[in-house]
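> Next comes the sequence, and after it the predicted model I'd like to discuss.
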Amino acid sequence: MGRSLHPLSGKFSRRESEVMEVLFRKGSATARDVWTELGETRTYSTVRKLLSILEEKGHVTHEKQGSAFVYSPKLEPGEAGRSALGKLVDTFFEGSVAGAVSSLLGEKGDQISDEELDRISKMIEEAKKNDK
């Protein structure tokens, strides 16, 4: 298996990721807001427990507003995105970054602008320099 894309890979369970996605999208939310956003696919008590777990792990913070706790992510969305991407690469591409990129280029290749391709090429060159 290839090396992990980012040290945060695997940071969140699937259910924790769902809750974090809501918090990133909204910026902050009550447990009820998260529960509603998830389409009530989880019980309200499960959402509250997940928020509590995420807070214990240091990923979420809360402040009391009236009688409700309002939760906010402590992670930046980009950092969480790298974590999710790393998990995806490990899970579906056996840790192969090249496999993931190849799949993206095959699937979305015709939608990538010349400017984006140039940016990607520059990132690859930088990665080669930093790897030496």
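Received, thanks.

> so how far is the longest helix along the chain off the chain centroid?
In the chain, with assignment by DSSP state H, the single longest helix is helix 114-131. The chain centre lies 23 Å from the centre of helix 114-131; the measure is Cα atoms, centre = their mean, to the nearest Å.

> same check, this time on stretch 58-65
19 Å.

> Contacts for that stretch, please.
When contacts are defined by Cβ atoms under 8 Å, 6 or more residues apart in numbering, stretch 58-65 is touched by residues 11-12, 16, 20, 23, 51, 54-55, 69-75. All C-beta atoms are positioned from the backbone trio N, CA, C, and that covers glycine.

> Of the residues you listed, which is the nearest to Gly95?
For those, the residue nearest Gly95 by Cβ to Cβ is Lys11; the value is 16.1 Å.

> hang on, the earlier thing: now for the longest helix of the chain, which elements pack on it?
Helices and strands touching helix 114-131, by 3 or more Cβ pairs under 8 Å, 6 or more residues apart in numbering; DSSP states H and E: there are none.

> Please enumerate residues in contact with that helix?
Ile112.

> about what we covered before: filter the contacts of stretch 58-65 down to the buried ones.
Buried subset of these (neighbour count, 16 or more other Cβ atoms under 10 Å): 11-12, 16, 20, 23, 51, 54, 69-71, 73, 75.

> Just put those in JSON lines and tack on distance to Ala127, secondary structure and pLDDT.
Output for those, formatted as JSON lines (distance: Cβ to Cβ, whole Å; DSSP: H, G, I helix; E, B strand; the rest coil; pLDDT from 0 to 100):
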{"residue": "Lys11", "distance to Ala127": "22", "secondary structure": "coil", "pLDDT": "73"}
{"residue": "Phe12", "distance to Ala127": "25", "secondary structure": "coil", "pLDDT": "79"}
{"residue": "Glu16", "distance to Ala127": "29", "secondary structure": "helix", "pLDDT": "90"}
{"residue": "Met20", "distance to Ala127": "27", "secondary structure": "helix", "pLDDT": "89"}
{"residue": "Leu23", "distance to Ala127": "31", "secondary structure": "helix", "pLDDT": "93"}
{"residue": "Leu51", "distance to Ala127": "37", "secondary structure": "helix", "pLDDT": "97"}
{"residue": "Leu54", "distance to Ala127": "32", "secondary structure": "helix", "pLDDT": "94"}
{"residue": "Phe69", "distance to Ala127": "42", "secondary structure": "strand", "pLDDT": "96"}
{"residue": "Val70", "distance to Ala127": "40", "secondary structure": "strand", "pLDDT": "97"}
{"residue": "Tyr71", "distance to Ala127": "36", "secondary structure": "strand", "pLDDT": "97"}
{"residue": "Pro73", "distance to Ala127": "28", "secondary structure": "strand", "pLDDT": "92"}
{"residue": "Leu75", "distance to Ala127": "24", "secondary structure": "coil", "pLDDT": "77"}
